[in-house]
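Student: What shape does this take:
(one chain, ligands or ions: 2)
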Amino acid sequence: MERSEFPIARAGMSVGLLGGSFDPPHTGHVRVTGEALKRFGLDRIWWLVSPGNPLKRHGPAPLAQRMVAARAIMRHPRVTVTSLEEQLGTRITAQTLARLRVIYPGVGFVWLMGADNLAQFHQWQDWRRIMDTVPVGVLARPGDRISARMSPAARIYRQYRLSGAASQMLARATAPAWCFVNLPMINLSSSAIRAHTGWGQGPRPRGDGVPI
Ligand SMILES: Nc1ncnc2c1ncn2[C@@H]1O[C@H](COP(=O)(O)OP(=O)(O)OP(=O)(O)O)[C@@H](O)[C@H]1O
Ligand SMILES: O=C(O)c1ccc[n+]([C@@H]2O[C@H](COP(=O)([O-])O)[C@@H](O)[C@H]2O)c1
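Tutor: Ligands and ions are numbered 1, 2, ... in the order given. A predicted model of the protein is given here:
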């Protein structure tokens, strides 16, 4: 269990949240974090290292192992690696956001994700509540640009899309608002790294956290 540590944020700040399994974290995560800071006009980014993605059948490597690896790779004065979902007892993003908005009144949260997640966003629990309550920044990812743009979420919320040229407005925009930014494609994924290395081998919990 991680020691309890809630990052500090003052009212008026804009904080991007990059949720992920980070199983393992890689330089693609670091690069999209740097791009998101610049492109979306954010003051800070917090990585939310997930206890387990509710849609993934098999759980990730132990949280403590992923936290150590994430802190080792993500070093930037405006980025904090957190295990907030473990501490809050949430793994459903809509619930995490609702809790953070209560804990940090006046802080403007922005949900960040790669294009692969926009493509399946409509499968997330209460995804429309996420769209309706926080601005969403989407980062291009190799192979997922078209599926993301054609996705149900993109189509249903098309009138709320900011152009890439207006991405700096996202952090101060009122939800629903989302923005897709193109960036130099980073062809890296945790699944490819797992396939080529020994990362996370050994017993893994199921997606619901129960050991198998
Ligand atoms: N290379 C990348 N380009 C753009 N976004 C990325 C990239 N890698 C990860 N992301 C985004 O970062 C967030 C966390 O990613 P995650 O921890 O699932 O890594 P992953 O490489 O996508 O893992 P996996 O291959 O197991 O699905 C997600 O929103 C994901 O879309
Ligand atoms: O809330 C949901 O239903 C939901 C479904 C799938 C994924 N998520 C979140 O999406 C983020 C990216 O997950 P992953 O496994 O693709 O890195 C992570 O924060 C997950 O908790 C959330």
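Student: got the contact list for Asp132?
Tutor: Residues in contact with Asp132 (Cβ atoms under 8 Å, 6 or more residues apart in numbering) are 175-176. The way it works is simple: take the backbone N, C-alpha and C, and place the C-beta from them, glycine included.
Student: how about it, secondary structure?
Tutor: Following DSSP: H, G, I helix; E, B strand; the rest coil, Asp132 is assigned to helix.
Student: Quick check: the gap between it and ligand 1.
Tutor: 20 Å (Cβ to the nearest ligand atom, to the nearest Å).
Student: Same check on His196?
Tutor: 12 Å.
Student: and if you look at Ala148?
Tutor: 10 Å.
Student: Gln123 reaches Leu55, doesn't it?
Tutor: Yes. The pair formed by Gln123 and Leu55 meets the contact definition of Cβ atoms under 8 Å, at 6.3 Å.
Student: And for Ala94, the neighbour number?
Tutor: As a burial measure, Ala94 scores 19 neighbours (other Cβ atoms under 10 Å).
Student: three-state assignment of it?
Tutor: Secondary structure, three-state DSSP: Ala94 is helix.
Student: Now do the same contact list for it.
Tutor: Here Ala94 is in contact with 124-127, 129-130 (Cβ under 8 Å, 6+ apart).
Student: Check Val102 too.
Tutor: By Cβ under 8 Å, 6+ apart, no residues touch Val102.
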